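Q: prediction below, plus the sequence it came from.
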There are 2 protein chains.
Amino acid sequence: MVQSSSSRHIITIRDVARIAKVSVATVSRVINNSGPVSGATRLRIERVAAKLRYSPNGAARSLITSKTSTLGVLLPDLYGEFFSEVIRGIDQRAQRHGYHVIVSSSHNDRREVEIALGAMRGRVDGLIVMSPDVDPSALEANFLPSLPVVLLNCAVKGDAFDTLNIDNAAGAQAMTNHLIGLGHARIAFIQGAARNHDADERLKGYRAALKGARLERHEQWEPRGDFTESGGYRAAMGLLKRRPRPTAIFAANDSMAIGALSALHDGGVVVPDEMAMAGFDDIPIARYTSPPLSSVHVPINRLGEWATDKVLHAISHKNEHRRKQELLATTLVIRQSCGGSDAKVPSRAR
Amino acid sequence: MVQSSSSRHIITIRDVARIAKVSVATVSRVINNSGPVSGATRLRIERVAAKLRYSPNGAARSLITSKTSTLGVLLPDLYGEFFSEVIRGIDQRAQRHGYHVIVSSSHNDRREVEIALGAMRGRVDGLIVMSPDVDPSALEANFLPSLPVVLLNCAVKGDAFDTLNIDNAAGAQAMTNHLIGLGHARIAFIQGAARNHDADERLKGYRAALKGARLERHEQWEPRGDFTESGGYRAAMGLLKRRPRPTAIFAANDSMAIGALSALHDGGVVVPDEMAMAGFDDIPIARYTSPPLSSVHVPINRLGEWATDKVLHAISHKNEHRRKQELLATTLVIRQSCGGSDAKVPSRAR
DNA sequence: CCGACTACTGTAAACGTTTACAGACTTACA
DNA sequence: TGTAAGTCTGTAAACGTTTACAGTAGTCGG
């Protein structure tokens, strides 16, 4: 009688081989569709494997093939819709190619990144790192040359890595120009988190636009935020007290813009009539705020998809491919929060 | 001369042993802090390991110890703030205990779940499954008895699994009662996705409250939604055409409530004066809508933390512990979107 | 000086796969 | 019939760890 899977013992390829009366090699060939196996034996082995509910041990496989079929994703923090969308893009793409995804979050300082990197070493075939906060030099020293790495939104110069960056400066500049075009001369900018690459670039774009239009810029119109709703709320509250008061507020991301909208609402300031408002990222919820939020659209999930494609490409080329540094273009999505002509730029369908 | 790590060859424990002139066993003891090693040897080995940038091969470790130090997370879909928060909770807790997290998303039907389950087999020490949409029987047949599993928001009966559920019915009932207490007699309910456990329970709670107050219920006031903003928008637009028109709308989650708020805004309906609005989940953004959204607060990240603790507990007890079924209490967070007394129930600090 | 104990280190057998190699049998063809 | 090629299958050596076991010193109490 065949021993059923109710046994405590874990089913290995050897069990299948023994019961199907073949060698482990043949079972392996059936499981992996490698090498020739006669129809009858194949069928018998498949039956036995199914009956025993055999499934191969991933660790043993990884050990011998030195492939883990796993991608690592290192994120600064798992918070809000932005990261959720990025991971979604990564996961979908990875799954389609038979890869698993290990996520590791909340790495905002150098030491944490190093620890996380060490822990992933050997467990992943490739790495996607999103770390706008970290000193780039911390990264370069920590990768094995054989491990494919794609950097997302990092301030790393040179061509040592595949990198993918949002064209933050251009996006911010375009939005600021749009506000200027609407007649605003006093435009405030709620900054992102300190020492954050995206935040810095967006600030640069804003300033460049002001300069281009020969508008003066005030430190007091550039309050520091932290990319959260509450940070945006506080910053906007502060801006309302400034004299002269700005007529438009551009937040470095949508979460802060939403917080700012809330502050304006609480302060009795009507948007867009008394104050124009704009954000950055165009997270899905942006079109559902009141009023709907004008924003710089970033193709967030394509960010994840693209990163995944790149890292898979690197893996299949044993990391000996040409590195590429790419810049992801943004588009303006004009809704009602900044007044003026609606849909001046075609907003994407959803 | 010591061969530097610039070699193409991957550094193994054997390399470290050879260069430090000890056996692999001793190196292993140093790396794992197991067994006695003299101070001098320990130091020498640590130096060599650091110099070679040695890091142990996870697969080999897993193979011999039959521990992967990895938790699997199966999600219906990675979308929006809710899942983002859950994963965040899981990841933080797992990291603290030295575990990695593999996520796998977009499993809404039975076949997909089975495939994902198969792929994770042997790669994880435990599993957290959130699958409100799936027929429970699909799950029970697919787990090895030795694999610890925690079910989140699943409609599984009995005590075969550890389960953690939100007390959806009680929460929905409480919110509905609150609206009734404010004098509303015509309360609409935007339903969640079809065949979704959470959605069903929330509907039940809503209906129970109506029944308790002897208010009539109309199918036309219970439009079907899908838990997304756009679904909420459409449902609310539909409700505005109903006659008699409801005076309050309760959405089965916050995303839909936000969509509904947007619809009301577009329809020129003032909230809360002409229409009260309430949601469910209390996602972080809820307090920043205009007006701020009353919601049924769910401790989302604690959901993830708790699930992680449970599965770790199960792992450390070799899955031979007593299963527990727990219900996570909700609290009402009353903000301005439903009018009436503000802060009737103390809303949690943020 | 002996025995027992401790502290340290090495040897070698696992863990569950994949795969190079070889053997056995069949078929094709000169 | 002999040989070459092809098809199927088995044997056994890896992969990089951990760990039981054994062995070698050194120490200490009697």
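A: All right, it came through fine.
Q: just give me the neighbour total for A:Ser106.
A: Look at A:Ser106: counted by other C-beta atoms under 10 Å in any protein chain shown, it has 15 neighbours. Placement of C-beta: from N, CA and C, glycine included.
Q: would you confirm that it contacts A:Phe83?
A: No - checked against C-beta atoms under 8 Å, the pair A:Ser106 and A:Phe83 is beyond contact range at 10.9 Å.
Q: where do the contact lists of those two overlap?
A: Common contacts of A:Ser106 and A:Phe83, defined by C-beta atoms under 8 Å, 6 or more residues apart in numbering or on different chains, comprise A:75, A:77.
Q: now do stretch A:93-103: everything it contacts.
A: By C-beta under 8 Å, 6+ apart, the list of residues contacting stretch A:93-103 reads A:69-73, A:75, A:78, A:87, A:90-91, A:120, A:123-125, A:304-305, A:308-309, A:312, B:70, B:87, B:91, B:100-104, B:106, B:119-120, B:123.
Q: what ranges do the strands span in chain A?
A: In chain A, the strands defined using DSSP state E lie at A:70-74, A:100-104, A:126-130, A:149-152, A:162-166, A:187-190, A:248-251, A:276-281, A:294-297, A:325-328, A:331-333.
Q: returning to what we had before: buried only: go through the contacts of stretch A:93-103 for me.
A: Buried residues within the contacts of stretch A:93-103, counting neighbours by 16 or more other C-beta atoms under 10 Å in any protein chain shown: A:69-73, A:75, A:78, A:87, A:90-91, A:120, A:123-125, A:304-305, A:308, A:312, B:70, B:87, B:91, B:100-104, B:119-120, B:123.
Q: report how many residues lie close to A:Gly268.
A: 8.
Q: now do it against A:Arg121, distance only.
A: 55 Å (C-beta to C-beta, to the nearest Å).
Q: ok, now A:Pro148?
A: From A:Pro148 over to A:Arg121 (counting by C-beta to C-beta), the distance is 13 Å.
Q: and A:Arg47, by the same measure?
A: 40 Å.
Q: what about these two, which has more around it?
A: A:Arg121 (20 against 12).
Q: and the residue nearest the centre of chain A?
A: Residue closest to the mean C-alpha point of chain A, counted by C-alpha atoms, centre = their mean, is A:Val86 at 3.5 Å.
Q: ok, that residue touching A:Val298?
A: No - checked against C-beta under 8 Å, the pair A:Val86 and A:Val298 is beyond contact range at 10.1 Å.
Q: hmm, A:Gly72 and A:Arg123 touching each other?
A: Yes - when contacts are counted by C-beta under 8 Å, A:Arg123 is listed as touching A:Gly72 (7.1 Å).
Q: the buried ones among the contacts of stretch A:93-103: which ones sit near DNA strand C?
A: The subset of those lying close to DNA strand C, counting by C-beta under 7 Å from any atom of the strand, is empty.
Q: who's in contact with A:Leu312?
A: By C-beta under 8 Å, 6+ apart, the contact list for A:Leu312 reads A:71, A:93-94, A:97, A:99, A:126.
Q: how close does it get to DNA strand C?
A: 19 Å (C-beta to the nearest atom of the strand, to the nearest Å).
Q: can you check A:Ser34 too?
A: Taken as C-beta to the nearest atom of the strand, the span from A:Ser34 to DNA strand C is 5 Å.
Q: and A:Gly339, by the same measure?
A: Distance from A:Gly339 to DNA strand C, by C-beta to the nearest atom of the strand: 62 Å.
Q: who are the contact partners of the spatially closest residue to that residue that is not a sequence neighbour?
A: Using C-beta to C-beta, 6 or more residues apart in numbering or on different chains and skipping the chain neighbours, the partner closest in space to A:Gly339 is A:Pro272 (3.3 Å). Contacts for A:Pro272 (C-beta under 8 Å, 6+ apart) come out as A:291, A:336-340.
Q: and the residues you listed as a markdown table, adding distance to B:Leu52?
A: Converted to a markdown table, these look like this (distance: C-beta to C-beta, whole Å):
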| residue | distance to B:Leu52 |
| --- | --- |
| A:Pro291 | 60 |
| A:Gln336 | 60 |
| A:Ser337 | 56 |
| A:Cys338 | 57 |
| A:Gly339 | 62 |
| A:Gly340 | 62 |
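Q: so which of the residues you listed comes closest to A:Ala60?
A: A:Ser337 (56.4 Å; C-beta to C-beta).
Q: residue contacts, that closest one?
A: A:257, A:261, A:271-272, A:276-278, A:289, A:291-294.
Q: could you rerun that using 7 Å?
A: By C-beta atoms under 7 Å, 6 or more residues apart in numbering or on different chains, the residues touching A:Ser337 are A:271-272, A:276-278, A:291-294.
Q: likewise for A:Leu63?
A: Counted by C-beta under 7 Å, 6+ apart, A:Leu63 has contacts B:59-60, B:63.
Q: isn't A:Pro284 up against A:Glu81?
A: Yes - counting by C-beta atoms under 7 Å, A:Pro284 touches A:Glu81, with 6.1 Å between them.
Q: list, one by one, the residues from the stretch 1-150 of chain A near chain B.
A: The stretch 1-150 of chain A comes close to chain B at residues A:55, A:57-60, A:62-63, A:68, A:78-81, A:83-84, A:87-88, A:91-92, A:95, A:100-106, A:118, A:121-123, as judged by C-beta under 7 Å from any C-beta of the partner chain.
Q: which ones among those lie within helices?
A: By the criterion of DSSP state H, membership of the residues of the stretch 1-150 of chain A next to chain B in helices covers A:58-60, A:62-63, A:80-81, A:83-84, A:87-88, A:91-92, A:95, A:118.
Q: tell me which two of the contacts of A:Ser337 sit farthest apart.
A: Across those (C-beta to C-beta), the longest gap, 13.0 Å, separates A:Ala276 and A:Pro292.
Q: with neighbour numbers in mind, choose between the two.
A: Comparing A:Ala276 with A:Pro292 by other C-beta under 10 Å, the one with more neighbours is A:Ala276, at 24 against 19.
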